[in-house]
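> Sequence and predicted structure are below.
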Amino acid sequence: MVRSARTQLLLLWGCILLGIFAGEAVRRFYSIELLSIPAILITLLITLGIAAIAIGLLGFHLRKRSAASSIKPSEYNANPRPFETELFQLNQELFTRAQEQADALSRLNIELQLQMAMSKQAEEAVRLNEERFRNMADNIQEGLTILENGRLVYLNQRTCEIFGDCPDGNLYDRIATFAAPEEHQRIRKEIHRAQTTGTAPRELEYWILRKDGERRYVREWYAANSSNETERIFIVTSDVTETKQAYQTLENAVSDRTRELSTVLDVSQRIASTLALEPLLDLILEQIQTVIPYIGVALFSLADGKFEAVAYRVPGLPPQDRPLTLTLERAEAYARVVKKKKVIIIDDIRGDTPLSRAFKDTSTHPNEFSFDHARSWIGIPLIARDSVTGLLSLAHNQPNFYTQRHARIATTIANQVAIAIENARLYEQAQSLAVIEERHRIARELHDSVTQLLYGITLYCTATSRSIRSKNPNNIEQNLSTIKENALQALQEMRLLILELDPPMLQKSGLVDALRTSLDVIETRTGLETELVANGINRLPRSMETELYRIALEALNNLIRHARARKVTVELTREWNSVYMEIRDNGIGFDLEEAIHSGGMGLHNMEQRAKQIGGKIDIQSRPGGGTSIQIIAPLDKIRIERGPE
């Protein structure tokens, strides 16, 4: 029996080892992790199954031996031997437990099968998700890179296409390998700045230099994620070279356009700085060169269907002693500028410019000068008040030189040129009218004052001659005294007119000194007490000084003739952004309404002069109460020079 017990124990241990080996074989076959719950359950299930089978076979063997010995179970139980009885009970207990374990193993087997089925489903889902992810990542238009703890774990094909090769390593390795040399320092600083805060940079843009020598511009977005001590960085890379180049092109275009407009504005300001026509024409030709290059240029006026060259700069062509004109019919193709009212460009005119045609039509030696410098040509219409008033003709010695860019600039500046020329012409007309009006005024002054005095002198001379013939000494002396007074008064009137016509002190020293000199002359010649008050103003713009001076002389002339004043005060000062001048006297005054309706005393002249400098005039007077004439002129955009206060 002892031998049988040992045999049973050895059999049990053998079953356990055999179960472990079988479980390991199954684990390896299905690639199940060691010490995982499925591996332990499989090993336990196999071991218990083998043990149950072994115990069942052993029990069957014992029952067979008992039957062979013809011992009935009742007799055997009634008179058992102690060791065999205990062994039999143990065998029965093992058999019962084996049945229970078999049931438990059956249940475990079912659970294990369910878990294995679920595990397979999970693995299949993971595989499908991974396959979908790879398909999606490989087919998107952006590059995708995944780094774990600085190590590359995933890279899609688009990333390799963008960089021209597959990047490897961490961010610093990528920058060192692919970033353009001028970008290295900047990008490393941005990455280092982000890493000091414990994060990856959110976005980077930089130029890369591919192995094939092509430069591309990339934009990369970064997203960081941490789990189970694993730092992951997801990098999405986009090739934005076309966008960057388009932006740079637009930026350059805006910069060029801004520079063009700035230059055009500067040219316009320079052109508008003068109203004298001849200097203006030369200035226009000079300033056009800064925005539209040329070898030859001509400026034409247009009137009665005919071009006339008013200014030109052509190599070797001297000034003409007669006008250079060209009819619209003779201008042919160049007349399209006038008809269409737009800039016309001709790529190659082979020396046949409008100026050359006008020169050949009007010159006595038409073939003396060559216009071979003219190849590319651009014609610019000068438009004022919606009418073409002239033509600006530019020529260059390179064919196809002028482009739409030049046309755009020309269109911008042409209107300014036309307006400047029109203003200069109107200014000349106004100056001519002003000269004529001034002549008429002087004629009236001479008629009203000097002429009357001289006529009075002639009458008194005639009366004196009669008195001499009649030997009347009293009348002779009285007439000579009157003649002397009239002659002195006429002399004073002439001196005042001369000062008004040509005030040398005004040009040399300015308004204040000119007024002081005029008041001194008036005080000396008439005995009138004068006073000048000038608060801190030394010089004003020439046009303003001239008009204010003439207004003051007009007022002083009226005062001397009509006011019978004992004192006159002229005050010149600055109030805010205006110049203020007042002429006041303590004379007998006059009725303002009556003076205005009579048209005398030069009130209209003073009002017109004030308007020419943008000012206003206010006259206050009443009979017996003196007179005050006040002028206020604006100083906006006019430089004023201050003297010591």
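That came through, no problem.

> doesn't Asp165 make contact with Arg210?
Yes: between Arg210 and Asp165 there is a contact under CB atoms under 8 Å: 7.3 Å. Bear in mind the C-beta positions are built from the backbone N, C-alpha and C, glycine included.

> between those two, what contacts are shared?
Both Arg210 and Asp165 are contacted by Phe178, under the criterion CB atoms under 8 Å, 6 or more residues apart in numbering.

> Show me what the longest strand along the chain is packed up against.
Using DSSP state E, we find that the single longest strand of the chain is strand 215-227. Under the contact criterion of 3 or more CB pairs under 8 Å, 6 or more residues apart in numbering; DSSP states H and E, strand 215-227 touches helix 157-163, strand 203-209, strand 230-239, helix 241-271.

> how about the CA coordinates for that strand, as PDB?
Taking C-alpha atoms only, strand 215-227 is exported to PDB below (Å, rounded to 0.1, in the frame of the first residue of the first chain):
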ATOM      1  CA  ARG A 215      14.300  76.000 -51.500                       C
ATOM      2  CA  ARG A 216      10.800  75.500 -50.000                       C
ATOM      3  CA  TYR A 217       9.000  77.300 -47.200                       C
ATOM      4  CA  VAL A 218       7.300  75.100 -44.600                       C
ATOM      5  CA  ARG A 219       5.000  75.800 -41.700                       C
ATOM      6  CA  GLU A 220       4.900  73.300 -38.800                       C
ATOM      7  CA  TRP A 221       2.400  73.000 -36.000                       C
ATOM      8  CA  TYR A 222       3.400  71.200 -32.800                       C
ATOM      9  CA  ALA A 223       1.200  69.400 -30.200                       C
ATOM     10  CA  ALA A 224       2.700  67.800 -27.100                       C
ATOM     11  CA  ASN A 225       1.100  64.900 -25.100                       C
ATOM     12  CA  SER A 226       2.300  63.100 -21.900                       C
ATOM     13  CA  SER A 227       1.200  59.700 -20.600                       C
END
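
> That one versus strand 230-239: what angle between them?
160 degrees (axes from the mean of the first three to the mean of the last three CA atoms, to 10 degrees).

> any residues touching strand 215-227, and which ones?
Here strand 215-227 makes contact (CB under 8 Å, 6+ apart) with 162-163, 180, 199-210, 231-241, 243-245.

> Now list the buried members of those residues.
Neighbour-count burial (16 or more other CB atoms under 10 Å) applied to the contacts of strand 215-227 gives 162-163, 200-201, 204, 206-209, 233, 235-239, 241, 244.

> Tell me if Glu531 really is in a helix.
No: assigned with DSSP: H, G, I helix; E, B strand; the rest coil, Glu531 falls outside any helix and is strand.

> Give the closest residue to it in space, chain neighbours not counted.
Thr569 (4.4 Å; CB to CB, 6 or more residues apart in numbering).

> Isn't that neighbour up against Arg584?
Yes: counting by CB under 8 Å, Thr569 does reach Arg584; the two are 5.4 Å apart.

> show me what contacts Lys567?
Residues near Lys567 by CB under 8 Å, 6+ apart: 528-531, 585-586.

> Please indicate which of the residues you listed has the highest neighbour count?
Counting neighbours by other CB atoms under 10 Å, the top entry in the contacts of Lys567 is Asp585, with 26 neighbours.

> how many neighbours does the residue lying closest to that one once chain neighbours are set aside have?
The shortest distance from Asp585 to any non-neighbouring residue, by CB to CB, 6+ apart, is to Ala565 (3.9 Å). The local packing of Ala565 (other CB under 10 Å) involves 19 other residues.

> Could you report the separation of Ala565 from Ile409?
Here Ala565 is placed at a distance of 62 Å from Ile409 (CB to CB, to the nearest Å).

> what does Ser621 give?
Taken as CB to CB, the span from Ser621 to Ile409 is 57 Å.

> try Gly169
For Gly169, the distance to Ile409 - CB to CB - is 53 Å.

> quick revisit: out of the contacts of Lys567, which comes closest to Arg259?
Taking CB to CB as the measure, Glu531 is the one of these closest to Arg259, at 56.1 Å.

> residues touching that closest one, list them.
By CB under 8 Å, 6+ apart, the contact list for Glu531 reads 519, 567-570.

> can you redo those residues as CSV with pLDDT, distance to Glu260 and secondary structure?
Output for the contacts of Glu531, formatted as CSV (pLDDT from 0 to 100; distance: CB to CB, whole Å; DSSP: H, G, I helix; E, B strand; the rest coil):
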residue, pLDDT, distance to Glu260, secondary structure
Leu519, 87, 54, helix
Lys567, 92, 62, strand
Val568, 93, 57, strand
Thr569, 94, 55, strand
Val570, 94, 51, strand
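
> which of these tops the neighbour count?
With neighbours taken as other CB under 10 Å, the top of these is Val568, carrying 26 neighbours.

> Can you tell me the closest non-neighbouring residue to it?
The shortest distance from Val568 to any non-neighbouring residue, by CB to CB, 6+ apart, is to Asp585 (4.5 Å).

> What does that neighbour show for phi and psi?
Asp585 has phi and psi values of phi -140, psi 170 when expressed as degrees, to the nearest 10.

> Name whatever forms a beta bridge with it.
Val568, Thr627 (DSSP bridges).

> How is the protein partitioned into domains?
Here the domain parsing of the chain from automatic domain parsing is 2-134, 141-239, 293-401, 503-645.

> These: which one's closest to Ala430?
Among the domains of the chain, the nearest to Ala430 by CB to CB is domain 503-645 (8.8 Å).

> roughly how far is the closest one from the heart of the chain?
Its chain's C-alpha centre lies 49 Å from the corresponding centre of domain 503-645 when counted by CA atoms, centre = their mean, to the nearest Å.

> Numbering from 2 from now on, please.
From this message on, residue numbering opens at 2, which makes the last subject domain 504-646.

> Between helix 242-272 and the host helix or strand of Ile437, find me the angle.
Secondary structure assigned from DSSP states H and E places Ile437 in helix 405-446. Counting by the same axes, to 10 degrees, helix 405-446 lies at 20 degrees to helix 242-272.

> what mean pLDDT does helix 405-446 have?
Averaged across helix 405-446, the pLDDT comes to 76.

> about what we covered before: with neighbour numbers in mind, choose between Gly170 and Ile410.
Using other CB under 10 Å as the criterion, Gly170 and Ile410 rank with Ile410 on top: 21 against 14.

> My guess is that one contacts Val265. True?
Yes: at 6.5 Å, Ile410 and Val265 qualify as touching, with contact defined as CB under 8 Å.

> Which neighbours do these two have in common?
Common neighbours of Ile410 and Val265 (criterion: CB under 8 Å, 6+ apart): Val292.
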